[in-house]
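K.L.:
Build me a model:
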Amino acid sequence: MAKIVSIKDAVSLIKDSATVMIGGFLSCGVPDKLIDELILQNVKNLTMISNDTSTPDTDKGKLIVNKQVKKLITSHIGTNPETGKQMNAGEIDVELTPMGTLMERIRAKGAGLGGILTPTGVNTVIEEGKQTVNVDGKKFIFEQPIGADFALIYGTKADKYGNVSYLGTTRNCNTVMATAAKTVIVQADEIVECLNPNEVIIPGLFVDYIVQNDEKQAECSR
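P.N.:
Residues are numbered from 1 along each chain as shown. Next up, the predicted model:
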């Protein structure tokens, strides 16, 4: 059973130089309160794995602006000029990976696979320095699985057993990231006693800690 803890206590588990996956597509389905607490506790030298770096003044982007990230593995940075600025200045190591490839590398880690073969990036700069494999006359790039010490993910609703459900597209990257980290922390808008099994998107066996989004809790109590 997942432990329900405060946001402060959950984030206190994350130390300097940790590798952290953060769910969300831009600001959709992002665990913003956990990110705010990372900033408040000023955890530094992070390796961040995320779909993007949002914008300078929102969620993941604020970690970049605050210079808490030393290495970034992501699919695009175009919405946050600060990321490109720090990359060009040599202040942050950025590994750009095609979005589908990034998600598949994470999925491979969660599934216990040794990697994936993808045609995306063949004969481009993405191929440089990587192993290629020929299958039935077609060249593929071998990409290694990718995991993390922590996954910070969002959930619309979670129950006390750690099961998580989602509304609409908020599930995005969260579902695959929950399978590929040593410790998974869910920021839920609502915590209930027990979800209907038909609602469950992420089974509780993947979840270690749940925190309540206090703002959403306040809305529900009005």
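K.L.:
going forward, measure contacts between C-alpha atoms and count neighbours the same way
P.N.:
Will do.
K.L.:
contacting residues for residue 43?
P.N.:
14-16, 68 (Cα atoms under 8 Å, 6 or more residues apart in numbering).
K.L.:
Can you classify it as helix, strand or coil?
P.N.:
coil (DSSP: H, G, I helix; E, B strand; the rest coil).
K.L.:
Now the helix or strand containing residue 186: buried residues?
P.N.:
Assigned by DSSP states H and E, residue 186 belongs to strand 181-192. Residues of strand 181-192 classed as buried: 181, 183-191 (neighbour count, 16 or more other Cα atoms under 10 Å).
K.L.:
ok, of the contacts of residue 43, which one's closest to residue 121?
P.N.:
residue 68 (29.8 Å; Cα to Cα).
K.L.:
Would you confirm that the closest one contacts residue 48?
P.N.:
No: using Cα atoms under 8 Å as the test, residue 68 is too far from residue 48 to be in contact (9.4 Å).
K.L.:
okay, those two: which has more neighbours?
P.N.:
residue 48 (28 against 21; other Cα atoms under 10 Å).
K.L.:
Please, where are all the strands along the chain?
P.N.:
For the chain, the strands defined by DSSP state E occupy 3-4, 19-22, 46-50, 69-74, 93-96, 116-118, 132-135, 138-143, 148-159, 164-165, 181-192, 209-212.
K.L.:
can I get the ones you listed in a markdown table with distance to residue 33 and mean pLDDT?
P.N.:
A markdown table is the format used below for those (distance: least, Cα to Cα, whole Å; pLDDT from 0 to 100):
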| stretch | distance to residue 33 | mean pLDDT |
| --- | --- | --- |
| strand 3-4 | 15 | 96 |
| strand 19-22 | 12 | 98 |
| strand 46-50 | 16 | 98 |
| strand 69-74 | 17 | 98 |
| strand 93-96 | 24 | 97 |
| strand 116-118 | 33 | 98 |
| strand 132-135 | 41 | 97 |
| strand 138-143 | 32 | 98 |
| strand 148-159 | 10 | 98 |
| strand 164-165 | 17 | 98 |
| strand 181-192 | 8 | 98 |
| strand 209-212 | 9 | 97 |
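K.L.:
Give the ranges of residues in this protein that sit below the confidence cut-off.
P.N.:
Filtered on pLDDT under 70, the chain yields the residue ranges 215-222.
K.L.:
buried residues in the longest helix anywhere in it?
P.N.:
In the chain, assigned by DSSP state H, the helix with the most residues is helix 99-110. Buried residues in helix 99-110, counted by 16+ other Cα under 10 Å: 101-110.
K.L.:
Skip the chain neighbours and tell me the closest residue to residue 148.
P.N.:
residue 181 (4.7 Å; Cα to Cα, 6 or more residues apart in numbering).
K.L.:
related to what we said a few turns ago, what's the longest helix of the chain in contact with?
P.N.:
51, 74-76, 114-116, 118, 120, 143-147, 173, 176-177, 179-181.
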